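Engineer: please find the sequence and the predicted model below.
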Amino acid sequence: MFQFTPMVRNLLIANVVVFIAAEKLLNLNLLALYPIGSPMFWPWQFLTYMFMHANTGHIFSNMIGLISLGPLLEQRWGAKRFLTFWLICGVGAGVLYDGLRTYEVHRMGQQLGAFRNEPTDLNLMAFAETNLPELADTFKPAAYELHKNPGNAAVIQDNLEQLEALYERSLNGPMVGASGALFGIILAFGMLFPNTALMVFPLPIPIKAKYFVILYGLYEFAFGVYRVPGDNVAHFAHLGGMLVGFIVLQIWQRNRTRLY
């Protein structure tokens, strides 16, 4: 049975209330986090995005993590410190990941401009292989056609429209979810309770928290580097939450702040 501590309960309620409001009552799109440079971006999104979720499964998985691991940490730190850690990890993960997304979107815009100004097979494949490596092969027939017939207006227009649509989707695609903050909690739990046995679906046996953190971190890194078609999970935001959490713990320890 889950043991709810005060701040864990308050965070759970806040996330559920915002999720219901976004789904049923209000248009809260501007609470999600957009890349810097997007007309939809506002600075407050670094905080508000972590209270937004894409769907029921998304908020359910994040809140299960919060109520499973959060209470022990809150009991060690107290409610204020737990909230501080949660918010720092969430904001920090958003800043790091949005910085990466902003760089990627800027690079995509430059390569789109290169193809628009000089619609060659080389520029087409440069865009595809850099920004869509998992789908690059689908552009090869068009690149081959442009190589044979550089002036094929129909091929140029069709692919230009595709690239522009992909760019607009990236520029105006938001990130939502408490996962960055949650992964900071996961990291802290593994460091402070390393030998605590966790039952993690779908593993059939318990796993110590320290090994769970290592394996989960490696999983996120692998799927962040080697993207799977259709995967819309912000793996590097998860890693960003872990990194920020690790830095915060080191600072607190260096300052001899009581962790437990």
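Structural biologist: Here it is on my side, so go on.

Engineer: give me the pLDDT for residue 188.
Structural biologist: Residue 188 is assigned a predicted lDDT (pLDDT) of 96.

Engineer: can you tell me which helix or strand of this protein has the lowest average pLDDT?
Structural biologist: One helix or strand of the chain scores below all others by mean pLDDT, DSSP states H and E: strand 197-198, with a mean of 84.

Engineer: where does pLDDT dip in this structure?
Structural biologist: Low-confidence segments of the chain (pLDDT under 70): 1-2, 25-27, 201, 203, 228-231, 256-260.

Engineer: report the contact partners of the residue sitting nearest the centre point of it.
Structural biologist: With distances taken as C-alpha atoms, centre = their mean, residue 234 lies nearest the centre of the chain, 2.8 Å away. Going by C-beta atoms under 8 Å, 6 or more residues apart in numbering, residue 234 touches 97, 175, 177, 179-180. To be clear about C-beta, it is placed using only N, CA and C from the backbone, and glycine gets the same treatment.

Engineer: what of residue 64?
Structural biologist: Applying C-beta under 8 Å, 6+ apart, no residues contact residue 64.

Engineer: right, and residue 156 touches residue 119 too?
Structural biologist: Yes. Residue 156 lies in contact with residue 119 (C-beta atoms under 8 Å); the separation is 4.4 Å.

Engineer: longest helix anywhere in the protein?
Structural biologist: Ranked by residue count under DSSP state H, the longest helix found in the chain is helix 79-117.

Engineer: helices or strands up against that helix?
Structural biologist: When contacts are defined as 3 or more C-beta pairs under 8 Å, 6 or more residues apart in numbering; DSSP states H and E, helix 79-117 packs onto helix 6-20, helix 45-48, helix 56-77, helix 121-131, helix 153-171, helix 179-192, helix 235-254.

Engineer: what comes up buried for the second one?
Structural biologist: Applying a neighbour-count criterion of 16 or more other C-beta atoms under 10 Å, the buried positions in helix 45-48 are 45-46, 48.

Engineer: and the first one, by the same measure?
Structural biologist: Buried positions in helix 6-20, judged by neighbour count with 16+ other C-beta under 10 Å: 7-9, 11-12, 15, 18-19.

Engineer: got it, and the last one?
Structural biologist: Within helix 235-254, the residues that count as buried by 16+ other C-beta under 10 Å are 235-245, 248-249, 252.

Engineer: make TSV out of the residues you listed and add distance to residue 214.
Structural biologist: Putting the buried residues of helix 235-254 into TSV (distance: C-beta to C-beta, whole Å) gives the following:
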residue	distance to residue 214
235	16
236	17
237	19
238	14
239	13
240	17
241	15
242	11
243	14
244	18
245	14
248	19
249	16
252	22
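
Engineer: sweet, I'm off.
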